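[1] have a look at this prediction, sequence included:
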Amino acid sequence: MTVSEALTSANVTWHSGLTRGKRLEALGGTGATVWFTGLPASGKSTLAAALERALVSRGRAAYLLDGDNLRHGLNGDLAFDRESRAENVRRAAHVARLFADAGVVALVSLVSPYAAERAKARELHEADGILFLEVYVNIPLAECERRDPKGLYARARRGEICEFTGIDDPYERPEHADVELGAGDLPLEAAVDVLVTRLGRRIP
């Protein structure tokens with residue numbers, strides 16, 4: 001039995017509140033999820049936080065769901081083995097879907113190394129008619145190691161951290177990301193403008 005199967009509740013019913021259309025009519029904006037994936041230290045959180053500021057400054061409700069922040073509470077009971085990483089993504093996806101359904105642009109910054117789990121996150125949104133935009137922050141491993149702001153790559157190389165993505169655990173790169181941003185492609189502000197434009201074309 002997987003973690004997610006063990007947490008599936010029985011004898012529960014979904015209680016509907018306002019329709020998404022009613023919220024759109026009242027709030028003036030449709031929600032969405034922008035899912036940032038990439039190696040540790042690739043700059044996902046920096047980009048997501050900049051996009052959050054840009055959207056809010058334009059009057060759009062947006063909220064950053066950073067992987068480290070989620071592990072301070074909601075996902076604080078999870079380890080870093082494959083099953084725990086899958087559950088980490090599953091929980092984040094469900095929270096993001098709820099935010100997006102409420103009219104907020106949820107900005108998920110999560111390594112989310114496995115393609116199958118990212119696909120499930122997308123399917124969860126698309127099954128409910130919610131826009132899901134996958135952004136692959138494609139920075140080479142050598143550059144991520146050079147940055148290493150938390151010193152995690154160095155610790156993984158010394159064997160102090162096990163199952164670290166990019167070192168002794170794989171990262172399955174997206175084959176069909178909605179947006180791919182690489183090292184030196186665009187300055188931060190220009191990259192944010194690209195994402196704001198992509199969102200603006202897809203949601204009111």
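    That came through fine.

[2] pull the longest helix from the chain.
    helix 82-101 (DSSP state H).

[3] could you name the helices and strands sitting against that one?
    With contacts taken as 3 or more CB pairs under 8 Å, 6 or more residues apart in numbering; DSSP states H and E, helix 82-101 sits against helix 3-6, strand 32-37, strand 62-66, helix 67-70, strand 105-109, helix 115-126. Every C-beta, even on glycine, is put in place using the N, C-alpha and C of the backbone.

[4] ok, now with 10 Å
    Judged by 3 or more CB pairs under 10 Å, 6 or more residues apart in numbering; DSSP states H and E, the packing partners of helix 82-101 are helix 3-6, helix 20-27, strand 32-37, strand 62-66, helix 67-70, strand 105-109, helix 115-126, strand 131-138.

[5] with distance to residue 167 added, can I get the ones you listed in JSON lines?
    Shown next, in JSON lines, are the helices and strands packed on helix 82-101 (distance: least, CB to CB, whole Å):
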{"stretch": "helix 3-6", "distance to residue 167": "24"}
{"stretch": "helix 20-27", "distance to residue 167": "42"}
{"stretch": "strand 32-37", "distance to residue 167": "17"}
{"stretch": "strand 62-66", "distance to residue 167": "21"}
{"stretch": "helix 67-70", "distance to residue 167": "17"}
{"stretch": "strand 105-109", "distance to residue 167": "20"}
{"stretch": "helix 115-126", "distance to residue 167": "19"}
{"stretch": "strand 131-138", "distance to residue 167": "18"}
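
[6] out of those, which comes closest to residue 194?
    strand 131-138 (9.5 Å; CB to CB).

[7] average pLDDT across that closest one?
    Mean per-residue pLDDT for strand 131-138: 97.

[8] C-alpha coordinates for that strand, CSV please?
    Only the C-alpha atoms of strand 131-138 are listed here, as CSV (Å, rounded to 0.1, in the frame of the first residue of the first chain):
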residue,chain,number,x,y,z
LEU,A,131,-5.0,25.6,-16.4
PHE,A,132,-1.7,23.9,-15.5
LEU,A,133,1.5,25.4,-16.8
GLU,A,134,4.7,23.4,-16.4
VAL,A,135,7.8,25.5,-16.4
TYR,A,136,11.1,23.6,-16.7
VAL,A,137,14.0,25.6,-15.3
ASN,A,138,16.7,23.9,-17.2
